[in-house]
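Chemist: No sequence on hand, only this structure:
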């Protein structure tokens, strides 16, 4: 099983660059509107997952406060702790 991190915190400038390069998610791209991305709040990671790791994440990540919240991005996981 392989779990790696490909991206994590993004400054506002980097969020703007992602939108320039990849387009807005709301328009079919892969970038959130700058200032709204959980990457900018330090609450999201993009993971490099093999199939076994993807399955493990889907079964277990919630126990650790992580959710898969972006349909077109199986690599994107956001930390949302429950109270």
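Modeler: Yep, that arrived. In this text the structure is predicted, and so the values were computed from the model without any measurement.
Chemist: hang on, residue 78 is in a strand, isn't it?
Modeler: Yes: when classified by DSSP: H, G, I helix; E, B strand; the rest coil, residue 78 is found to be part of a strand.
Chemist: So it is in contact with residue 41, correct?
Modeler: No: taking contacts as C-beta atoms under 8 Å, residue 78 lies outside contact range of residue 41: 9.3 Å. C-betas here are computed from N, CA, C, even on glycine.
Chemist: Any regions of the protein where pLDDT drops low?
Modeler: Counting by pLDDT under 70, the chain has low-confidence residues at 83.
Chemist: So residue 38: helix, strand or coil?
Modeler: Three-state call for residue 38 (three-state DSSP): coil.
Chemist: Correction: the previous question concerned residue 58.
Modeler: Of the three states, residue 58 takes helix under three-state DSSP.
Chemist: and if you look at the one 4 residues further on?
Modeler: On the three-state scheme (three-state DSSP), residue 62 is labelled helix.
Chemist: how near is it to residue 69?
Modeler: In this structure, residue 62 and residue 69 are 11 Å apart, going by C-beta to C-beta, to the nearest Å.
Chemist: Please apply the same query to residue 31.
Modeler: For residue 31 relative to residue 69 (C-beta to C-beta), the value is 15 Å.
Chemist: how many other residues sit next to the closest residue to residue 81 other than its chain neighbours?
Modeler: Spatial nearest neighbour of residue 81, chain neighbours left out: residue 65 (4.2 Å); criterion: C-beta to C-beta, 6 or more residues apart in numbering. As a burial measure, residue 65 scores 13 neighbours (other C-beta atoms under 10 Å).
Chemist: phi, psi of residue 65?
Modeler: For residue 65, the backbone dihedrals (degrees, to the nearest 10) come out as phi 90, psi 10.
Chemist: Surely it is in contact with residue 78?
Modeler: No: if you go by C-beta under 8 Å, residue 65 and residue 78 don't touch, sitting 9.1 Å apart.
Chemist: What about residue 67, how many residues nearby?
Modeler: 12.
Chemist: Understood, closing this out.
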